[in-house]
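**Q** Okay, predicted coordinates and the sequence, questions at the end:
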Amino acid sequence: MNNNDFTSGRILPQLIKFMLPVLFAMFLQAMYGAVDLLVVGTFCTNVDVSAVSTGSQIIMTLTNLLVSFSMGITVAVGQKIGRKHPREAAETIGTGLVIFTFLGALFTVICILGAEVLAKVMHAPDEAFEVTANYIRICGAGFLIITAYNLLGSIFRGLGDSKTPMIAVGIACALNIIGDLVFVSVFKLGASGAALATVLAQLVSVIISLFIIAKIKLPFSFGRSDIRIDKSSAAEIIRIGTPIAIQDFLVGISFLVLLAIVNGLGVTASAGVGVAEKVCAFIMLVPAAFMQSMSAFVAQNYGAGLIDRAKLALKTGIAVSVLFGISMFVLTFFRGDILADIFTNDSEAVLNAWDYLKAYAIDCLLTCFLFCFIGYFNGIQQTAFVMIQGIVGAFLIRIPVAFIMLHLSGDSLFLIGLATPCSTVVQIIMCFVFYGYQSKKIHAG
């Protein structure tokens with residue numbers, strides 16, 4: 001068991017050692033959508049590219065809702081490990097398994113029965129409507145698999161183990177690449193083939209991951225009797241995870257609104273933004289990896305009462321991710337066409353993607369602050385604030401600015417995309433203010 005005690009030792013080496021497997025796992029996770037779009041963009045038309053970009057955004061939004069809610073498990077388990085209460089950690093994991101089985105089944109029904117409604121809500125272009133609905137339906141049929149796949153990663157990160165989830169993602173990514181080539185390029189199934197490859201890859205990964213878990217030694221005993229609802233554990237998971245899930249879900253909805261706005265500009269613009277979103281999944285990897293790592297690192301130290309150490313971890317994470325943010329800004333803003341060209345050979349789609357990516361390049365300079373703050377606040381259980389700042393950024397800034405830019409600029413994807421860094425600036429200001437408030441409160445106490 002590759003678990004780590006984050007409550008002692010030098011912070012930077014520990015944080016980097018834990019973050020790197022998280023980063024690599026997230027890179028492989030991003031490869032899912034990237035490979036889907038790359039293969040579809042190479043062997044199919046803009047209709048399939050649009051369907052994958054729109055459909056995958058819906059599936060990603062629902063998946064992120066589960067992953068965000070599972071942060072309640074990551075934080076709760078991390079704090080119990082920090083307090084040296086392994087038995088309570090086992091009860092939390094068992095309770096989480098029951099809760100997420102129910103949620104996975106619920107999302108399966110929603111996607112299968114509501115695929116066309118979801119495609120309609122997203123304003124999927126007429127030419128791509130049926131293909132988009134089929135993509136959603138196929139991915140949705142495997143939501144129990146998607147749930148298990150992501151839940152296992154959240155549990156092990158809470159235990160301080162970031163390597164086992166990386167192995168699981170690596171297996172799934174390799175299988176997904178093979179599946180995409182077989183179903184899309186050989187059997188000519190288009191976007192539906194990409195969806196099928198994703199679900200089957202994750203199924204095999206879950207099976208192999210469970211086999212690996214059965215062979216490793218956990219820091220506590222865990223058996224079938226632990227897979228039940230423990231009221232206190234359920235209350236803690238819900239209390240911590242619900243605000244994070246609401247925040248991420250509503251933020252995801254705001255990005256779906258942006259995509260719906262762009263879909264109204266036509267299939268080429270839709271394909272361009274779809275390509276840009278896949279590029280963004282890569283250029284935002286380092287701050288996103290620090291956010292997940294920060295939650296687990298801070299949770300253990302907060303549970304052990306080491307507040308100053310938790311704060312130093314926050315500052316360390318920001319300093320490292322800022323360096324990466326600067327390099328990503330330069331690359332994406334000035335040569336985003338090279339990045340977009342990887343995913344499609346349509347020149348108009350590449351130009352549309354680059355135009356949109358210039359706005360995200362600016363956001364690269366900002367998310368290194370925001371994501372680390374969110375990870376820190378999650379780790380100290382201030383998830384209600386995380387929810388509030390996310391909702392403010394999404395619905396008071398991002399969506400209104402996008403609508404204003406649409407009417408002012410006509411079809412400029414760069415100006416529409418500026419809605420994202422505008423919201424990030426406001427959220428960072430809120431984080432600094434709340435951080436100062438929390439520091440004074442703790443010092444006064």
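**A** Arrived safely.
**Q** Show me what stretch 306-324 is in contact with.
**A** The contact list for stretch 306-324 (C-beta atoms under 8 Å, 6 or more residues apart in numbering) reads 7, 11-12, 15-16, 286-287, 290, 293-294, 297-298, 301-302, 368-369, 371-373, 375-376, 379-380, 439, 442. All C-beta atoms are positioned from the backbone trio N, CA, C, and that covers glycine.
**Q** repeat that with 6 Å
**A** 7, 11-12, 286-287, 290, 294, 297-298, 301-302, 368-369, 372, 376, 442 (C-beta atoms under 6 Å, 6 or more residues apart in numbering).
**Q** So, low pLDDT: which residues of the stretch 151-300 of the chain?
**A** 158, 216, 218-220 (pLDDT under 70).
**Q** Show me which pair in the contacts of stretch 306-324 is furthest apart.
**A** 286 and 442 (28.6 Å; C-beta to C-beta).
**Q** which one of these two has more residues nearby?
**A** Between residue 286 and residue 442, residue 286 has the larger neighbour count (other C-beta atoms under 10 Å), namely 26 against 12.
**Q** which ones are touching the more buried one?
**A** Contacts of residue 286 (C-beta under 6 Å, 6+ apart): 321, 324.
**Q** three-state assignment of it?
**A** Under DSSP: H, G, I helix; E, B strand; the rest coil, the three-state class of residue 286 is helix.
**Q** if I look at it, how far off is residue 185?
**A** Separation of residue 286 from residue 185 (C-beta to C-beta, to the nearest Å) stands at 32 Å.
**Q** Find the helix or strand that the closest residue to residue 425 other than its chain neighbours is a member of.
**A** Nearest residue to residue 425, sequence neighbours excluded (C-beta to C-beta, 6 or more residues apart in numbering): residue 366, at 6.4 Å. Under the criterion of DSSP states H and E, residue 366 resides in helix 347-379.
**Q** Let me know the average pLDDT across that helix.
**A** Helix 347-379 carries an average pLDDT of 90.
**Q** Spatially nearest residue to the residue most central in space within the chain (excluding sequence neighbours)?
**A** Nearest to the geometric centre of the chain sits residue 64, at 5.3 Å (C-alpha atoms, centre = their mean). Residue nearest to residue 64 in three dimensions, not counting chain neighbours: residue 248, with 5.1 Å by C-beta to C-beta, 6+ apart.
**Q** ok, now how distant is the one you found from residue 336?
**A** 26 Å.
**Q** Just the buried positions in the helix or strand where residue 308 lies, please.
**A** Taking DSSP H and E as the criterion, residue 308 maps to helix 307-341. For helix 307-341, burial by neighbour count (16 or more other C-beta atoms under 10 Å) applies to 307, 309-311, 313-314, 316-318, 320-322, 324-325, 328-329, 331-333, 336, 339-341.
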